[in-house]
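In: dropping the sequence and predicted coords here.
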Amino acid sequence: MTVGLYAYNYTNAYLTEKKHALTNIANGLQQRIDDYRYHTYQIYDLVNNPIKASEPPPVVQETRLRPDVYYIEKPRRKTDAIIFGNHEPATLTMALQISDYLDNLWGPQNDTYSMYYLNGQDNSLLLITTQALKEVTSRFKESYLTAFAESRRAEMLQQVNTLDERESFSPLRKLRFQNAYYFTLRTTFNRPGHLATVIAFDLPINDLIPPNMARSNFLLQPDKVPLNEGATPEDIAATSVSLNGSWVEFSAPLANVTLKIIYRVPVSHLIIDLLINNFWLILANIVLLALTILAAYFVRHQYGRPSADVTGQLEAQRLLSQEIITNLPQGLLIYDFSNSTVIASNKIAENLLPHLNLQKIATMAEQHHGVIQGTVNNEVYEIHMFRSQISPETYLFLLNDQDKEVLVNKKLQQARREYDKNLQARKLMLHNLGIELGQPVHHLSQLVRTLQDTTDLQQQHDIKTKLVEQSATILELIDNITLLTKLETQDWQTEQQVFSLSTLIDNLLLDLLPSINRKGLNLFNHFHVSLDQIYLGDEKVLRKILSLLLNYSIVTTAYGKITLNVDHEPGHPEQLVIQIMDTGAGISDEEIGNLNYPFLSQALADRYNHGSGLTFFYVTNYVKN
């Protein structure tokens with residue numbers, strides 16, 4: 001009871017602390033939204049001021065990163081500016097004005113701030129951010145900057161098309177290169193005769209969150225309660241706590257926005273935190289309870305009746321005997337004919353007892369040396385009878401089900417056939433493994449002898465290149481066998497890591513492109529999921545699986561094309577389907593046997609390479625695990 005009361009008080013204090021912290025965070029968010037509402041209108045008035053527009057544009061330089069991406073070289077470097085899309089000269093002047101304004105605003109800030117200005121004059125998109133854009137590598141200039149800008153442009157255009165929504169907010173997002181979270185404030189301005197102008201700010205929240213609250217547990221969601229513009233801050237609903245599944249959710253509404261900030265804590269985390277912070281109290285109660293139990297045991301043992309131990313031993317022997325009788329695989333019945341009572345029996349004998357004439361069975365068994373065979377309830381049984389030496393009228397009957405014995409013999413024969421089949425499969429596996437491993441080793445030996453006999457430097461270089469390729473093939477086969485052995489012995493563990501599926505597939509196809517071009521095949525890559533989507537899993541195993549299947553497809557395809565298709569599972573958008581299709585000869589029935597046993601049949605080969613008899617078994621087992 002003491003632990004329960006203390007746990008209640010601790011939990012109540014924990015919930016109160018989190019409620020107060022979330023209220024402060026909500027007030028800070030509301031203050032930041034109000035501030036950037038003001039700055040949004042200030043920036044819009046600044047760029048649409050006719051006096052500012054008539055001033056001569058300053059001399060600045062634009063660096064063209066891509067056909068439609070321009071980096072602005074400006075003297076003040078607190079912020080970097082990029083223009084996406086073709087634009088008018090006035091857009092450059094506007095970009096410098098906004099950049100100067102934001103340099104002054106964000107000068108003392110250390111967090112990452114960004115502003116997006118969708119210009120209604122020329123439909124260009126201006127990005128101004130405190131993040132150093134010039135440090136982004138060229139590879140990310142192609143993917144990260146352009147894709148990110150296009151997604152923001154799509155969001156802002158969607159904001160324009162929503163006629164009844166002048167202001168909108170995004171959920172909480174995480175910066176790709178930092179452990180920082182932010183949300184986006186978007187505001188639309190309509191001018192007659194022009195496309196709508198949208199100004200969006202990415203506002204960080206890291207500085208508002210206390211260090212003891214996990215940032216990843218925060219959510220920013222629309223509030224279904226309509227906004228009452230005449231309400232005072234005291235009238236706004238206080239922070240609430242609710243249990244949603246296995247999460248404890250703290251929710252605080254914002255005063256002037258139809259939003260609410262949610263902080264989620266797993267119930268398991270709350271329980272672990274309670275146990276850790278109250279470890280000594282719980283340990284003291286457990287020790288006291290253990291001492292109480294030990295004291296009670298010693299008192300009962302010291303002053304109990306002397307026959308208690310004997311009774312316990314007899315009861316243990318009785319239970320042991322009953323357990324042995326119950327678990328016998330055959331029927332057992334001990335019967336006393338003097339008083340016609342059953343002394344002991346198991347479930348099998350109890351089921352057969354109504355169908356047995358024990359007196360007749362005993363008479364016949366005495367005439368046939370204690371063993372007879374008969375039909376009981378349409379089943380053939382062999383009955384063994386034993387007479388007690390202590391009590392002559394007590395008999396023990398053992399009932400063996402002959403039908404079950406026949407079934408057991410059939411199973412033994414089937415197991416023998418399976419064993420012979422496995423022996424044959426092992427012979428085939430060793431034979432095919434020897435062929436698959438022997439061919440590249442023999443080829444490697446020929447290349448070494450050729451290298452020893454030639455003096456032409458160019459020919460030596462070509463042979464060395466082939467030696468490296470052939471060695472890599474042998475090492476890959478041995479590595480696959482080693483990994484498969486670890487999988488069979490349960491020694492393999494997945495390596496969970498974050499990776500980009502699009503980058504993995506692009507790099508894999510680039511490695512296989514020489515083999516595809518050598519055979520004159522066409523390669524099609526249909527990637528129907530988001531290029532920026534990040535996945536968590538074992539990247540090495542996925543790459544190896546795709547590499548084995550694509551290599552097999554290249555070997556079996558003499559002409560035509562190979563298509564790699566990546567898409568979501570219909571009806572299950574959280575699942576991905578990767579399909580490899582080709583115009584080759586397909587997979588024979590013998591090769592299908594490699595799904596269950598590696599190297600059971602020889603894999604197909606072409607004039608350049610050969611498939612692996614390990615491919616299908618390797619892929620099947622790694623996908624299952």
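Out: Now that the structure is in, tell me what you want to look at.

In: let me know the outermost residue of the protein.
Out: What lies farthest from the middle of the chain is residue 367; by CA atoms, centre = their mean that is 71.9 Å.

In: so how far is residue 361 from that residue?
Out: The gap separating residue 367 from residue 361 is 11 Å, by CB to CB, to the nearest Å. No exception for glycine: its C-beta is placed from N, CA and C like everyone else's.

In: circling back: report pLDDT for the residue farthest from the centre of the chain.
Out: The model reports residue 367 with a pLDDT of 84.

In: in stretch 548-566, what counts as buried?
Out: 548-557, 562-564, 566 (16 or more other CB atoms under 10 Å).

In: show the average pLDDT along it.
Out: 86.

In: any idea how this structure splits into domains?
Out: The record's domain split for the chain, according to automatic domain parsing, is 2-223+235-274, 275-307, 308-453, 493-624.

In: which secondary element of this protein has the worst mean pLDDT?
Out: helix 138-140 (a mean of 48; mean pLDDT, DSSP states H and E).

In: averaged pLDDT, the lengthiest helix in the chain. What do you get?
Out: When the chain is scanned for its longest helix (criterion: DSSP state H), the result is helix 402-453. Average pLDDT, helix 402-453: 75.

In: show residues contacting stretch 104-117.
Out: 39, 43, 47, 78-79, 94-95, 98, 102, 125-131, 152, 156, 175, 178, 180, 182, 197-204, 206-207 (CB atoms under 8 Å, 6 or more residues apart in numbering).

In: just the buried residues of these.
Out: Among those, those classed as buried by 16+ other CB under 10 Å are 39, 43, 47, 78-79, 94-95, 98, 102, 125-131, 152, 156, 175, 180, 182, 197-204.

In: which members of those residues are positioned in strands?
Out: Among the buried ones among the contacts of stretch 104-117, the residues falling in strands (DSSP state E) are 125-129, 182, 197-204.

In: tell me which two of those sit farthest apart.
Out: For those, the farthest-apart pair by CB to CB is 197 and 204; their separation is 24.1 Å.

In: quick one: secondary structure of residue 579?
Out: Using DSSP: H, G, I helix; E, B strand; the rest coil, the structure places residue 579 in strand.

In: what's the spacing between it and residue 564?
Out: With CB to CB as the criterion, residue 579 and residue 564 are 7 Å apart.

In: then residue 185?
Out: 41 Å.

In: if we can go back for a sec, out of the domains of the chain, the one nearest residue 487 is which?
Out: Among the domains of the chain, domain 493-624 comes nearest to residue 487, with 5.6 Å by CB to CB.

In: starting at the chain centroid, how far to the closest one?
Out: 20 Å (CA atoms, centre = their mean, to the nearest Å).

In: burial measure for residue 7, as a count.
Out: Neighbour count of residue 7, defined by other CB atoms under 10 Å: 16.

In: what sits against it?
Out: Residue 7 neighbours (CB under 8 Å, 6+ apart): 274, 278.

In: quick check: it vs residue 270, distance?
Out: Taking CB to CB, one finds residue 7 at 10 Å from residue 270.

In: report the rounded mean pLDDT for the one helix or strand residue 325 maps to.
Out: Using DSSP states H and E, residue 325 maps to helix 307-326. Mean pLDDT, computed over helix 307-326, is 78.

In: hmm, residue 170 is touching residue 184, no?
Out: Yes. In this structure, residue 170 is within contact of residue 184 by CB atoms under 8 Å, at 3.9 Å.

In: now do the shared contacts for those two.
Out: residue 155.

In: more neighbours: which of these two?
Out: residue 184 (19 against 16).

In: quick check: that one touching residue 159?
Out: No. Judged on CB under 8 Å, residue 184 makes no contact with residue 159 at a distance of 10.1 Å.

In: pretty sure residue 364 sits in a helix.
Out: Yes. Residue 364 sits within a helix when classified using three-state DSSP.

In: next, count neighbours for it.
Out: Using other CB under 10 Å: residue 364 sits among 15 other residues.

In: list the contacts of it.
Out: By CB under 8 Å, 6+ apart, the neighbours of residue 364 are residue 372.

In: then residue 246?
Out: 266-268.

In: restricted to helices, list these.
Out: 267-268.

In: output the contacts of residue 246 as TSV; include the columns neighbour count, distance to residue 71 and pLDDT.
Out: Converted to TSV, these look like this (neighbours: other CB atoms under 10 Å; distance: CB to CB, whole Å; pLDDT from 0 to 100):
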residue	neighbour count	distance to residue 71	pLDDT
266	13	44	90
267	12	49	88
268	10	48	88
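
In: next, format the contacts of residue 246 as JSON lines and append distance to residue 447.
Out: JSON lines is the format used below for the contacts of residue 246 (distance: CB to CB, whole Å):
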{"residue": "266", "distance to residue 447": "59"}
{"residue": "267", "distance to residue 447": "64"}
{"residue": "268", "distance to residue 447": "60"}
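
In: residue 401: which of the contacts of residue 246 is nearest?
Out: Among these, and counting by CB to CB, the member closest to residue 401 is residue 268, at 50.8 Å.

In: against residue 19, how distant is the closest one?
Out: Applying CB to CB to residue 268 and residue 19 gives a distance of 21 Å.

In: also residue 246?
Out: Distance from residue 246 to residue 19, by CB to CB: 20 Å.

In: so residue 85 sits right up against residue 68, yeah?
Out: Yes. In this structure, residue 85 is within contact of residue 68 by CB under 8 Å, at 5.2 Å.

In: number of residues surrounding the nearest residue in space to residue 336 that is not next to it in sequence?
Out: Excluding the flanking residues, the one nearest residue 336 by CB to CB, 6 or more residues apart in numbering is residue 394, at 4.9 Å. For residue 394, the neighbour count with other CB under 10 Å is 17.

In: quick one: residues contacting residue 394.
Out: Contacts of residue 394 by CB under 8 Å, 6+ apart are 334-338, 343, 387-388.
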